[in-house]
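Student: with the sequence up front, the predicted model follows.
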Amino acid sequence: MARPAVLFGGPSPEHDISILTGLQAARALAQAGQDPLAIYWSKTGDHHLVPATSEAKDFLTGVPPKAQRLELVARPGGGFVAEGSGLFKKLAPLEVSAVVIACHGGPGEDGTLQAVFDLAGVRYCGPTAAGAALGMDKLAFGGAMAAAGLPSLPRVVLTAAGDEPPFAGPYIVKPRFGGSSIGIEITDDIAVARALLRTSPHHRDGAVLEPYLPDAVDLNISVRTWPQRQLSAIERPLRQDASGRIYTYAEKYLGGGEGLSSAPRQLPAHLPDDVDARIRRAAQAVVDIALVRGAARIDFLWHGDDVFVNEINTIPGALAWYFWHQQGVAFAELLTDLIAEATSGPTRRYHADGADGSALRAAGSIAGKLA
């Protein structure tokens, strides 16, 4: 009988937070009688079946003892397979109804994993490969928002040399590909910003630059797309350390035993009615433009009379449950809805329609093409 699976970990700077999200999801499903499969994705890229009742401390030194090694097969009819016992060690496919992807940052949230699941015909929760890739690329996401006419701050690619930015400092520098607040720096000096491309491991794959607004207010909203589209209340994160210039990764995730769920916040935020309405209208548009699926968090900046779309987190910490808990939705209910969405239709199917051999018949010799 097919069972839901929860996949967590992965080769990402947010590996540890992903473990916490995954273990919470697996525990909530187990307590709801769902009997989930818990799959740990190690920092080195291996997959392991672990008990759904595992604790965070079990992963302090890596793969827990007695974990069962899995292989992920990326072909039609593939998916996760376990090595059996006995002399011939026959591979046994795991019967998975849908995978709850609880990976933050890296290949679990950038579309890579989703594309593998599409190739294998495995159902999964959360963003599609295209939606995940767009959400992870800050330059592409910002460009899509601007092209759609949504208010957003100017955002340009940061290069090691070249013209001066089209806006004055101070500047906020962000990894082009990455989640959360990891690698975000603020500087008044463009030379310092450019040096990050050489010195920071978080910026070596690219970085974006935008103006830093020191008195802007962070405002976030969650959306879930099943059983119908629904917007949560808006939250205003509260700073624990007012001496800093941004809402940091440590403030989000390391301030308490429950991680992001225990971070101080105002939820619902105390906002003027027009600001609340503008955020909700913009969030509805983002859902359509960014191919949002599952439970996502959309981040905004409120600055004076302006409300800017900032970023999207397509697989947020704790799957954004704290937004919905405030509205009476249990974690198990949120997860069950995600799984229902994943299993509501067929898996992604690739096709070769149009590849009928005509180009091959008309091609002539390859040697002739190279002449």
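Tutor: Nice, I can see it.
Student: could you chop this protein up by domain?
Tutor: Here the domain parsing of the chain from automatic domain parsing is 3-124, 127-151+216-328, 154-212.
Student: list the buried residues of stretch 334-343.
Tutor: Within stretch 334-343, the residues that count as buried by 16 or more other Cβ atoms under 10 Å are 334, 335, 336, 337, 338, 339, 341, 342. To be clear about C-beta, it is placed using only N, CA and C from the backbone, and glycine gets the same treatment.
Student: residues contacting that stretch, please?
Tutor: 4, 25, 28-29, 32, 34, 97-100, 123-126, 224-227, 293-295, 319, 321, 324 (Cβ atoms under 8 Å, 6 or more residues apart in numbering).
Student: looking at those, which are in strands?
Tutor: 4, 97, 98, 99, 100, 224, 295 (DSSP state E).
Student: select, from those residues, the two members most distant in space.
Tutor: 97 and 224 (19.2 Å; Cβ to Cβ).
Student: who's more crowded, the two?
Tutor: Legend: neighbour count by other Cβ atoms under 10 Å for residue 97 and residue 224, higher for residue 224 (25 against 17).
Student: which stretches in this protein count as helices?
Tutor: 15-31, 106-109, 112-120, 129-136, 138-147, 190-199, 249-253, 273-289, 321-325, 331-342, 358-361, 366-370 (DSSP state H).
Student: low pLDDT regions in the stretch 201-350 of the chain?
Tutor: Scanning the stretch 201-350 of the chain for pLDDT under 70 picks out the ranges 240-262.
Student: what about 50?
Tutor: Applying pLDDT under 50 to the stretch 201-350 of the chain flags the ranges 249, 257-258.
Student: count of neighbours near residue 359?
Tutor: Residue 359 has 9 nearby residues by other Cβ under 10 Å.
Student: and the nearest residue to residue 62 once chain neighbours are set aside, what does it touch?
Tutor: Leaving aside its chain neighbours, residue 62 sits nearest to residue 42 (6.5 Å; criterion: Cβ to Cβ, 6 or more residues apart in numbering). With contact taken as Cβ under 8 Å, 6+ apart, residue 42 is in contact with 9, 11, 48, 62, 63.
Student: isn't residue 17 right up against residue 106?
Tutor: No. Between residue 17 and residue 106 there is no contact under Cβ atoms under 8 Å: 11.3 Å.
Student: who has more neighbours, the two?
Tutor: Just comparing residue 17 and residue 106: by other Cβ under 10 Å the higher neighbour count belongs to residue 17, 26 against 23.
Student: roughly how far does the more buried one sit from residue 117?
Tutor: To residue 117, residue 17 is 21 Å away according to Cβ to Cβ, to the nearest Å.
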